[in-house]
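Asker: need a structure here:
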Amino acid sequence: MTAISQTGVFSLFASVRRMWRMLPAIVGATFMLILATAVHADQSISPEAAAVLDKYVEVTGGRQAYENITNRVIKEKIVHVGMGFEDSVTLYQARPNKQYAIIESEAMGNTQHGTDGNVVWYLSEQAGVIVEEGEARLAGLDTASFDRIEGWRKYYTGAELLGKESVDGHLCHKISLTPRHGEPETRSYDVDSHLLVKAIVTRLSSKFPPVTFELTFDDYKPVDGLLLPHKVHRSFDMCGSKREMLFVTESIKHNEMLASDRFDPPANVKGVAFLTGTAELLHTIATGEAPAHDKVKPSPCGKPQQASTGKKEAATGTKRSPCGGGS
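Answerer: The predicted model follows:
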């Protein structure tokens with residue numbers, strides 16, 4: 001076998017870099033194709049379901065009120081029900097689909113996640129860097145889209161009114177939604193107030209198995225012409241037990257002056273994203289097929305991570321594992 005010369009290696013790397021620069025154009029063309037497909041698929045959205053979804057937009061402020069908002073900064077606390085600790089969260093969102101959140105937790109360690117509109121990433125003391133790929137990435141971008149409420153027709157290819165159900169004393173319209181990326185959702189809207197009361201959604205990950213959440217919404221308050229929920233209860237199964245969290249909003253601010261690099265991924269995330277994208281590109285060049293992202297994924301229920309030897313860690317001890325407890 002003939003060895004590749006140093007010049008050949010540099011030539012290959014330069015070709016990869018040139019093709020990497022072309023990715024936004026390729027993604028843009030793909031995005032336009034997806035939009036065209038979504039418009040055609042509108043035929044599977046029933047008028048009854050559309051009426052419920054449009055009514056929610058109307059009673060929470062109306063399309064114009066939503067469109068007047070260009071970014072949002074939310075401060076919350078997370079109460080881990082039955083586990084005896086709380087976290088603090090700061091969430092930044094901006095048009096068209098940018099998001100950054102930092103969760104500060106003495107019990108679990110700090111977690112960051114976000115997207116700059118291209119890279120969808122997570123960074124935690126428990127799992128390290130995760131850069132989403134494939135369908136998980138596309139679903140993450142849609143989830144971060146700022147106009148997902150008033151512009152819901154862009155993100156869902158199907159909607160069906162299933163009937164009515166009772167949720168915590170509220171008689172609700174129950175709707176099944178098919179997103180263009182990700183797993184099907186169900187939502188329940190109060191028949192009188194027309195507000196969203198419950199949602200069941202599944203979060204995809206290219207590194208871990210999907211997790212399904214049941215969300216209930218409460219304590220709607222007016223903020224800058226919009227009616228927004230200030231309490232969200234989240235429950236899900238992890239490691240064979242039910243976990244519950246209560247998200248309590250402390251403040252919401254709109255149209256803030258944000259730093260130009262607010263949504264830039266951290267340097268270590270950028271490095272992983274570049275390597276991941278390059279590997280995918282090389283695979284596509286070599287095989288003519290996009291890489292598969294359906295490999296068996298490790299469970300998040302591993303043994304807990306030991307705390308590093310720092311002053312803060314020494315005071316709090318071993319960080320809790322994602323499944324609770326610690327050694």
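
Asker: Which of the helices or strands spans the closest residue to I200 other than its chain neighbours?
Answerer: Distances taken as C-beta to C-beta, 6 or more residues apart in numbering place T186 nearest to I200, at 4.7 Å, with adjacent residues excluded. Quick note: C-beta positions are derived from backbone N, CA and C, even for glycine. According to DSSP states H and E, T186 maps onto strand 185-190.

Asker: doesn't D224 make contact with T60?
Answerer: No. Under the criterion of C-beta atoms under 8 Å, T60 makes no contact with D224, lying 11.8 Å away.

Asker: which one of the two has more residues nearby?
Answerer: More neighbours surround T60 than the other of T60 and D224, with 21 against 14 (other C-beta atoms under 10 Å).

Asker: circling back: could you dump the helix or strand that comes right after the strand holding T186 to CSV, C-alpha only?
Answerer: Using DSSP H and E, the helix or strand that follows strand 185-190 in sequence is strand 196-203. Only the C-alpha atoms of strand 196-203 are listed here, as CSV (Å, rounded to 0.1, in the frame of the first residue of the first chain):
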residue,chain,number,x,y,z
LEU,A,196,-52.5,24.8,27.1
VAL,A,197,-52.9,22.5,30.2
LYS,A,198,-50.8,19.4,29.3
ALA,A,199,-48.4,18.2,26.7
ILE,A,200,-46.6,14.9,26.2
VAL,A,201,-43.4,15.3,24.2
THR,A,202,-40.3,13.1,23.5
ARG,A,203,-36.8,14.5,23.4
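
Asker: So which elements touch strand 196-203?
Answerer: Contact here means 3 or more C-beta pairs under 8 Å, 6 or more residues apart in numbering; DSSP states H and E; on that basis strand 196-203 packs against strand 170-179, strand 185-190, strand 211-223.

Asker: partner strands of the first one, parallel or antiparallel?
Answerer: Sheet neighbours of strand 170-179, with direction, are listed as strand 156-167 (antiparallel), strand 185-190 (antiparallel) (DSSP bridges).

Asker: between the longest one and strand 211-223, what angle do the directions make?
Answerer: Inter-element angle recorded for strand 156-167 and strand 211-223: 80 degrees (by axes from the mean of the first three to the mean of the last three C-alpha atoms, to 10 degrees).
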